[in-house]
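Novice: Sequence plus the predicted model coming up.
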Amino acid sequence: MKTDRTEFKETWLSESPQKIQPADYYSNMVYNINDYKKTKKPKLLGNFNGFEFKRIKTKNILFYWFEKEGVVILGIELGILPQGLKVNLIGKSPEYKQKEPFASELYSLILKDSKQGIRIMSDTSLSDEGFFIWKKLYMDGHTVTVYDATNPGRSYITLHSFSDFDNFFGNTPEHANYQFILNENSSLFETRARFNLRRMRELSGMDVDDPGE
């Protein structure tokens with residue numbers, strides 16, 4: 001059985017997958033979803049403004065997407081980790097650029113369905129458009145927290161204003177350490193408890209890794 005220290009490390013401190021070029025996001029997403037469809041039947045979760053909202057769940061991977069007339073319009077691949085979900089890949093059809101459905105709408109529906117915190121890497125590849133998604137989610141009433149991966153327990157905070165967001169967005173090496181978490185109230189308290197426990201270990205000098213790691 002994994003300890004809470006190992007689960008914390010796997011969920012909140014693991015590195016992101018190797019990056020691909022933005023132009024490849026959508027084609028890769030469509031390929032991955034269609035590949036999983038061959039062996040796993042998608043579940044229709046509902047309809048959203050004329051788009052079908054679907055999900056495929058495996059042991060380690062979650063796919064959510066909007067589909068219209070059998071075509072994937074906007075999709076996301078999430079890694080299922082011990083204490084939450086981590087975004088591996090998100091892609092949208094170029095034909096729907098700056099049109100519905102929007103990524104912020106997809107994230108909102110995922111939170112309601114999964115009831116888990118979602119970790120999104122805020123590394124130096126985060127675009128202005130991607131950063132706007134975070135602000136839009138905040139405007140829609142979602143709780144956004146941030147932490148520095150080099151000392152997660154002591155740096156974990158909740159963002160309360162747009163100026164707070166600006167402090168954690170940039171292209172410097174320091175900004176690459178910041179990680180954003182998207183929570184609903186139902187999962188926020190559990191996530192906060194995990195980080196508070198990590199904070200106690202950091203401040204007291206206790207081991208933050210399991211023996212042998």
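Specialist: Structure's in. What do you need?

Novice: quick one, what contacts Asn196?
Specialist: Applying CB atoms under 8 Å, 6 or more residues apart in numbering, we find Asn196 in contact with Gly153. Glycine gets a C-beta too; all of them are placed from N, C-alpha and C.

Novice: mind checking the backbone torsions on it?
Specialist: The phi and psi values for Asn196, taken as degrees, to the nearest 10, are phi -60, psi -40.

Novice: And it, how close does it get to Leu85?
Specialist: Using CB to CB, to the nearest Å, Asn196 is found at 20 Å from Leu85.

Novice: Which strands and helices lie in contact with the host helix or strand of Glu67?
Specialist: Counting by DSSP states H and E, the element that carries Glu67 is strand 61-68. Where contact means 3 or more CB pairs under 8 Å, 6 or more residues apart in numbering; DSSP states H and E, strand 61-68 is packed against helix 22-37, strand 51-57, strand 71-81, helix 103-114.

Novice: Where does pLDDT dip in the protein?
Specialist: Scanning the chain for pLDDT under 70 picks out 1, 12, 14-24, 120-131, 170, 185-186, 210-213.

Novice: Quick check: bridge partners of Glu77?
Specialist: Glu77 forms beta bridges with Phe63, Leu89, as assigned by DSSP bridges.

Novice: The one 4 residues further on now?
Specialist: Beta bridges link Leu81 to Gly84, judged by DSSP bridges.

Novice: Could you pull up phi and psi at Pro173?
Specialist: Note on Pro173: backbone dihedrals following degrees, to the nearest 10 are phi -60, psi -30.

Novice: whoops, I mixed them up, Gln98
Specialist: The phi/psi pair for Gln98 (degrees, to the nearest 10) is phi 60, psi 20.

Novice: And it, how close does it get to Lys92?
Specialist: 10 Å.

Novice: ok, the two, which is more surrounded?
Specialist: Neighbours per residue, other CB atoms under 10 Å: of Gln98 and Lys92, the larger number sits with Lys92, 22 against 6.

Novice: what sits against the more buried one?
Specialist: Lys92 makes contact with Tyr25, Tyr26, Ile73, Leu74, Gly75, Ala103, according to CB under 8 Å, 6+ apart.

Novice: and with 6 Å instead?
Specialist: By CB atoms under 6 Å, 6 or more residues apart in numbering, Lys92 lies in contact with Tyr26, Leu74.

Novice: For it, what are phi and psi?
Specialist: Dihedral angles for Lys92 - degrees, to the nearest 10 - are phi -140, psi 140.

Novice: The closest residue to Leu13 other than its chain neighbours and Gly46, how far apart?
Specialist: Once flanking residues are discounted, Leu13 sits nearest to Ala149: 5.7 Å by CB to CB, 6 or more residues apart in numbering. Applying CB to CB, the value for Ala149 to Gly46 is 35 Å.

Novice: Please say which of these two ends up with more neighbours.
Specialist: Neighbour count, other CB under 10 Å: between Ala149 and Gly46, Ala149 has more, with 17 against 10.
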